[in-house]
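Engineer: dropping the sequence and predicted coords here.
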Amino acid sequence: MALFGKLGRYQNVGLLVMRIGLGAMMILHGYGKLLGGPDKWEKLGHSMDKLHIHFFPVFWGFMCAVVETIGGLFCMMGLWFRLVCMLMVINFFVAAAHHYTTLSNIGDASHAIELMFTFFGLMFIGAGVYSVDKS
């Protein structure tokens with residue numbers, strides 16, 4: 001369509017907007033988890049039980065919080081972008097599995113599934129030219 005035909009010139013601006021928006025939301029989403037301490041981390045880490053991983057729940061919960069918080073910051077900057085996207089995909093896969101098996105409703109897991117597919121697609125696209133890595 002001619003109305004939006006010239007927007008293709010701004011693909012890297014679009015990626016920057018997506019990175020900043022998703023990264024900021026990930027920081028907000030993970031910051032409370034990171035500050036929650038070992039009790040919160042253990043509760044989060046028990047989500048790995050759905051994948052039959054029953055050891056070190058505090059570690060897995062802490063890693064979830066770090067991936068969301070620090071990964072969100074790196075996503076915004078475009079630093080190690082593809083690695084961060086891969087870690088986010090794994091994080092949201094576990095979250096989707098937890099929500100789906102606990103609540104037995106795809107609607108409850110939909111947010112995690114949507115974010116998993118978003119980060120999976122961004123992993124292939126890359127960060128664009130307006131990033132720290134500039135890859």
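Structural biologist: That came through, no problem. Just so it is clear, the model here is predicted, and its values are computed rather than measured. Numbers count the residues shown, from 1 in each chain.
Engineer: now do the most centrally placed residue in the chain, the pLDDT please.
Structural biologist: The chain has residue 88 as the residue nearest its centroid, 3.5 Å off, counting by C-alpha atoms, centre = their mean. If you check residue 88, the pLDDT there is 97.
Engineer: dump the residue contacts of it.
Structural biologist: Contact partners of residue 88, counting by C-beta atoms under 8 Å, 6 or more residues apart in numbering, are 26, 67, 68, 71, 75, 115, 116, 119. For the C-beta atoms, the positions are set from N, CA and C on the backbone; glycine is no exception.
Engineer: and it, what element?
Structural biologist: helix 81-103 (DSSP states H and E).
Engineer: quick one on the thing from earlier: now, the contacts of residue 88 that are in helices?
Structural biologist: Among these, the ones falling in helices (DSSP state H) are 26, 67, 68, 71, 75, 115, 116, 119.
Engineer: most neighbours among the residues you listed, which one?
Structural biologist: residue 75 (29 neighbours; other C-beta atoms under 10 Å).
Engineer: wouldn't that residue be in contact with residue 26 here?
Structural biologist: Yes - under the criterion of C-beta atoms under 8 Å, residue 75 makes contact with residue 26 at 6.4 Å.
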